[in-house]
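Q: one predicted model, sequence on top.
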Amino acid sequence: MSKFADIEIDPGIVRRAAEGDARAHEIIYRAFSTPVYSICLRFTKAPAHAEDLVQETFIEIMRSIAKFRGEAALGSWIRRIAVTKSLMFLRSAWTKRGQSLGDDWDDMTAGEPVSHGISSHPNDAMDLDAALACLPEVSRAVVWLHDVEGFTHKEIAGLMGKTESFSKSQLSRAYQRLRPLLSGNEVAQPNGAAIGSY
C-alpha cells in the first residue's frame, strides 16, 4: 500500500472536520494532498489533470467526511476516493476517444500470458515508471491498483464496473507486456510502442 497507511490523524480532527471546521479541513488536506496527487498522477500521467483530481478528491472528502464511520483508517478511505475520482476521469477520457475498458491486446501482445520477472542485470532494465507509461491506461490502472495499492481483483472489478476475470486478465497481459520492458529486451518509443532491442 502507498503512503496513505503511514499517515495518522487524531480522531478529534476528523470530528471537527465533520462539523465543518476549516482548520481541521486544512490539516487533513496538508496531511494527504501529496499522496493523493501522487496516485492521481499515476493514473493520468498529466500534472494538470492530477491537480484537478486532487481538488475534486478533497471536495468530495470534505463533503462526505461526516459520513466517515472510522471502520477503516482515514487514509484508506481517502485513497479509495482518490482512486475512484481517477478512474472516473479515465472513463471520461475513454468515452471521449471512443475507447472502451476492453483494451485490444491482440494488437499489442501475442501469445500466452507468462509470469512476470526482471533482468538479472539491473543496468539493462528500463525504469518502472517509463515501462508503466507504455501500458494502455486500463492496464496501467489495474497494475497500479493491484501491485502498489494492494486492491484485490474483486475490488478492482467493482471500481471499474467489470468482472474479476477482467481484472485478472488485464493484470496477466500487463505482466506479459512489462516483462521484456523491465528486462531490457525492448526499447520504449515516445508513442508508447516498443521495439525489440538489438
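A: Good, I have the coordinates.

Q: so who does Ser169 touch?
A: Going by Cβ atoms under 8 Å, 6 or more residues apart in numbering, Ser169 touches no other residue. Where you see a C-beta, it was placed from the backbone N, CA and C, and this is true even at glycine.

Q: now do the SS call for it.
A: helix (DSSP: H, G, I helix; E, B strand; the rest coil).

Q: pull out the buried positions in the helix or strand harbouring Ala82.
A: According to DSSP states H and E, Ala82 maps onto helix 74-96. Buried residues in helix 74-96, counting neighbours by 16 or more other Cβ atoms under 10 Å, are found at 74-75, 77-83, 85-87, 89-91, 94.

Q: check stretch 162-170 too.
A: If you call a residue buried by 16+ other Cβ under 10 Å, then stretch 162-170 has these buried ones: 162, 166-170.

Q: avg pLDDT for that stretch?
A: Across stretch 162-170, pLDDT averages out at 90.

Q: what is the nearest of the buried residues of helix 74-96 to Asp147?
A: Val83 (13.7 Å; Cβ to Cβ).

Q: in the protein, which spans are strands?
A: Counting by DSSP state E, the segments of the chain that form strands are 186-188, 194-196.

Q: worst average pLDDT in these?
A: strand 194-196 (a mean of 40).

Q: so for the helix holding Ala82, mean pLDDT?
A: The model assigns helix 74-96 a mean pLDDT of 82.

Q: what helices and strands are in contact with that helix?
A: Applying 3 or more Cβ pairs under 8 Å, 6 or more residues apart in numbering; DSSP states H and E, one finds that helix 74-96 contacts helix 22-44, helix 47-64, helix 137-143, helix 153-160.

Q: can you list the buried residues in the longest one?
A: Same thing as helix 22-44. Of the residues in helix 22-44, 24-25, 27-29, 31-32, 35-37, 39-44 count as buried by neighbour count, 16+ other Cβ under 10 Å.

Q: and what of the last one?
A: The neighbour-count check on helix 153-160 (16+ other Cβ under 10 Å) flags 153, 155-157, 159-160 as buried.

Q: pull the helix or strand with minimum mean pLDDT from the protein.
A: strand 194-196 (a mean of 40; mean pLDDT, DSSP states H and E).

Q: can you tell me the closest non-neighbouring residue to Asp181?
A: Rather than Asp, residue 181 is Leu. Using Cβ to Cβ, 6 or more residues apart in numbering and skipping residues adjacent in sequence, the residue nearest Leu181 is Ala131, 4.1 Å away.

Q: I figured that neighbour hits Leu182, correct?
A: Yes: in this structure, Ala131 is within contact of Leu182 by Cβ atoms under 8 Å, at 5.5 Å.

Q: and Ser139, how many neighbours?
A: 25 (other Cβ atoms under 10 Å).

Q: where does this protein have low pLDDT?
A: The chain contains residues with pLDDT under 70 at 1-2, 93-129, 184-198.
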